[in-house]
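S.K.: Below is the structure, and that's it, no one-letter string:
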RNA sequence: GGCCUCAUCGUCUAGCGGUUAGGACAUCAGGUUUUCAGCCUGAUUACCUGGGUUCGAGUCCCAGUGAGGUCACCA
């Protein structure tokens, strides 16, 4: 089997986008499944959009998902070597490109009436930006390995794209052809938004005398709310945002891998290495998926439950300083109680809050006869020795039987009084962790106020 | 508007000419439990429309409709 070489080529203009993470994952799997190499190429050719520290942030995030690259390139470094200018000038020499001194236009602002043929193409200028001289009435086509079909254009619908800017930096259109050729990339995998500019690349590859790599365009990820492409303004789009919210990298990766790809047997749970092993280039989806967080929550729950108590406890510690300062035994006990019922690591903040902070209890949450329940419980507690709290459950059940308290109602009253909430960890165990003294204080406060 | 892509449950998807159209998430119901969660059972829900091709179409072809993307000296 031939070894594939793929690359992930982000521009360092911000944090890693969820779609970028997925593209990187697929490119990684594509290479690794074949035993080949995965490269990281930083596309920093736009001086103006550079964001300080973005490259480092991108690398750091990729590492969190164990997406490790075998080779690393930076386009601005390659630009300094003059690689792109040489290529662009070759095209000029061969009559496939021309110099242009027009100011740039935006079709949207021009009312979509901008002409595809640049007025400078026949002026014979000898300096300026270098643009592609698109031929007339030529069929341009390639086979897309994601869509599994031939996609084609008539060159008459392709505009004379800029290849080399006046600042000497290449645009993506030139850089992609030069770099992917130099780096011997076998498969270009990129976002669907690149599909419309593919004919430009086809031409550049051809004029450079290079073989066109296999090309595939993965689907766009759509927002569940708007049905539009995920937007930085409206949606959570950065991988780090999800990590910060308490999603595990393994879960996020697993969720994202199934947005746009599926195995024949419809298996859902994959670690990164399992994904690489089972990856199938024919498994790409062609329709744009929507990003629905419900399923991500489910994945996250699955992965949380796979964690050991100690591992989960550590994650809680890293997230919550109050929790971190508790004694080791309590932390482990709380972790065990929470493990089965949380969807995100950050749920410790809401579900576990009452452990280190007395709640403000909303009386409206109580049901009927709550004061009787509380007073009864208070009396039971008073009689139990602190070291003998294990008997608590039995004693409280006896109380219910004796006083004819409906069990469900009684324990709900306890939850509300102790935690201020109706959705809590197992309440008896929680009270044991809280200790006799604190529990008595909370019970007393609840029925006396 | 031009060009391109896409179309199976609410969502992610399996299907690749003959299936009771399958799975997962979500939802609902029952069980377990001390509430929720979890776990176990079960249920509801889908082939965009119209033409072809074919003995037979979710599956192939065409058209329509709808959705998304793109049209910069940004990537």
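M.R.: Ah, there it is. These figures come from a predicted structure and were not determined experimentally.
S.K.: alpha carbons only for contacts and neighbour counts from here, please
M.R.: OK.
S.K.: Got the phi and psi for the closest residue in space to residue A:231 that isn't next to it in sequence?
M.R.: Spatial nearest neighbour of residue A:231, excluding adjacent residues (C-alpha to C-alpha, 6 or more residues apart in numbering): residue A:237 at 6.9 Å. Residue A:237 has phi and psi values of phi -120, psi -10 when expressed as degrees, to the nearest 10.
S.K.: which residues does residue A:237 contact?
M.R.: By C-alpha atoms under 8 Å, 6 or more residues apart in numbering, the contact set of residue A:237 is A:17, A:18, A:19, A:230, A:231.
S.K.: which one of those is nearest residue A:282?
M.R.: For the contacts of residue A:237, the minimum distance to residue A:282 (C-alpha to C-alpha) is 19.5 Å, reached by residue A:19.
S.K.: and residue A:273, how many residues sit next to it?
M.R.: Residues lying near residue A:273 (other C-alpha atoms under 10 Å) number 13.
S.K.: Next: residue A:306.
M.R.: A count of neighbours around residue A:306, defined by other C-alpha under 10 Å, yields 12.
S.K.: Name the residues of stretch A:343-359 that are buried.
M.R.: Buried residues in stretch A:343-359, defined by neighbour count with 16 or more other C-alpha atoms under 10 Å: A:343-348, A:351-355, A:358-359.
S.K.: Now do the contacts for residue A:447.
M.R.: A:370, A:371, A:374, A:375.
S.K.: from those, which are also near RNA strand B?
M.R.: Contacts with RNA strand B within these, counted by C-alpha under 7 Å from any atom of the strand: none were found.
S.K.: In JSON lines, list the residues you listed along with pLDDT.
M.R.: Output for these, formatted as JSON lines (pLDDT from 0 to 100):
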{"residue": "A:370", "pLDDT": "89"}
{"residue": "A:371", "pLDDT": "91"}
{"residue": "A:374", "pLDDT": "93"}
{"residue": "A:375", "pLDDT": "93"}
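S.K.: quick check, nearest of those residues to residue A:308?
M.R.: Distance to residue A:308 across these (C-alpha to C-alpha) is lowest for residue A:374, with 36.0 Å.
S.K.: who touches that closest one in this structure?
M.R.: Counted by C-alpha under 8 Å, 6+ apart, residue A:374 has contacts A:413, A:414, A:443, A:444, A:446, A:447.
S.K.: Can you name the residues in contact with the helix or strand that residue A:31 is a member of?
M.R.: Assigning secondary structure by DSSP states H and E places residue A:31 in helix A:18-33. The contact list for helix A:18-33 (C-alpha under 8 Å, 6+ apart) reads A:3-8, A:10, A:37-38, A:62, A:67, A:189-191, A:218, A:220-221, A:237-239, A:253, A:256-257, A:275-279, A:281.
S.K.: how close does residue A:174 get to residue A:161?
M.R.: 9 Å (C-alpha to C-alpha, to the nearest Å).
S.K.: Comparing those two, which residue is more hemmed in?
M.R.: Comparing residue A:174 with residue A:161 by other C-alpha under 10 Å, the one with more neighbours is residue A:174, at 25 against 21.
S.K.: does the closest residue to the more buried one other than its chain neighbours sit in a helix, a strand or a coil?
M.R.: Of all residues not flanking residue A:174 in the chain, residue A:163 sits nearest, at 5.1 Å (C-alpha to C-alpha, 6+ apart). What DSSP: H, G, I helix; E, B strand; the rest coil gives for residue A:163 is strand.
S.K.: Quick check, residue A:163 in contact with residue A:173.
M.R.: Yes - with contact defined as C-alpha atoms under 8 Å, residue A:163 counts as touching residue A:173 (6.1 Å).
S.K.: So which of the two has more stuff around it?
M.R.: Ranked by neighbour count (other C-alpha under 10 Å), residue A:163 and residue A:173 place residue A:163 first, with 27 against 22.
S.K.: quick revisit: inside strands: which ones of the contacts of helix A:18-33?
M.R.: Members of the contacts of helix A:18-33 lying in strands (criterion: DSSP state E): A:5, A:6, A:7, A:8, A:37, A:38, A:189, A:190, A:191, A:218.
S.K.: what about the residue nearest to residue A:356 when sequence neighbours are not counted, helix or strand, and which?
M.R.: Leaving out its chain neighbours, the residue that sits closest to residue A:356 by C-alpha to C-alpha, 6+ apart is residue A:322, at 6.9 Å. Using DSSP H and E, residue A:322 maps to helix A:321-324.
S.K.: still on that earlier bit, I'd like to know which of the contacts of residue A:447 is nearest to residue A:207.
M.R.: Here the nearest of these to residue A:207, counting by C-alpha to C-alpha, is residue A:370; it sits at 82.4 Å.
S.K.: what sits against the closest one?
M.R.: Contacts of residue A:370 (C-alpha under 8 Å, 6+ apart): A:410, A:413, A:447.
S.K.: export these to JSON lines and tack on pLDDT?
M.R.: Putting the contacts of residue A:370 into JSON lines (pLDDT from 0 to 100) gives the following:
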{"residue": "A:410", "pLDDT": "90"}
{"residue": "A:413", "pLDDT": "91"}
{"residue": "A:447", "pLDDT": "88"}
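S.K.: Quick check, the residue in the stretch 301-449 of chain A closest to RNA strand B?
M.R.: residue A:341 (3.1 Å; C-alpha to the nearest atom of the strand).
S.K.: and the stretch 251-400 of chain A, which of its residues are near RNA strand B?
M.R.: A:258-266, A:268, A:283-292, A:294-295, A:298, A:340-342, A:393.
S.K.: Is there a quick ChimeraX command that grabs whichever of the residues you listed are buried?
M.R.: The buried residues among these can be selected in ChimeraX (16+ other C-alpha under 10 Å) with this line:
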select /A:258,259,260,261,262,263,284,285,286,288,289,290,291,341,342
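S.K.: Can you flag which of the residues of the stretch 251-400 of chain A next to RNA strand B belong to helices?
M.R.: A:294, A:295, A:298, A:393 (DSSP state H).
S.K.: Skipping its backbone neighbours, what lies nearest the second one in space?
M.R.: For residue A:295, the nearest residue in space outside its immediate sequence neighbours is residue A:255; the separation is 7.3 Å by C-alpha to C-alpha, 6+ apart.
S.K.: Quick one: residues contacting that neighbour.
M.R.: By C-alpha under 8 Å, 6+ apart, the contact set of residue A:255 is A:295, A:296, A:299.
S.K.: Quick check: it vs residue A:33, distance?
M.R.: From residue A:255 across to residue A:33, the span is 19 Å (C-alpha to C-alpha).
S.K.: can you check residue A:93 too?
M.R.: Distance from residue A:93 to residue A:33, by C-alpha to C-alpha: 41 Å.
S.K.: now swap in residue A:304 and tell me
M.R.: Using C-alpha to C-alpha, residue A:304 is found at 27 Å from residue A:33.
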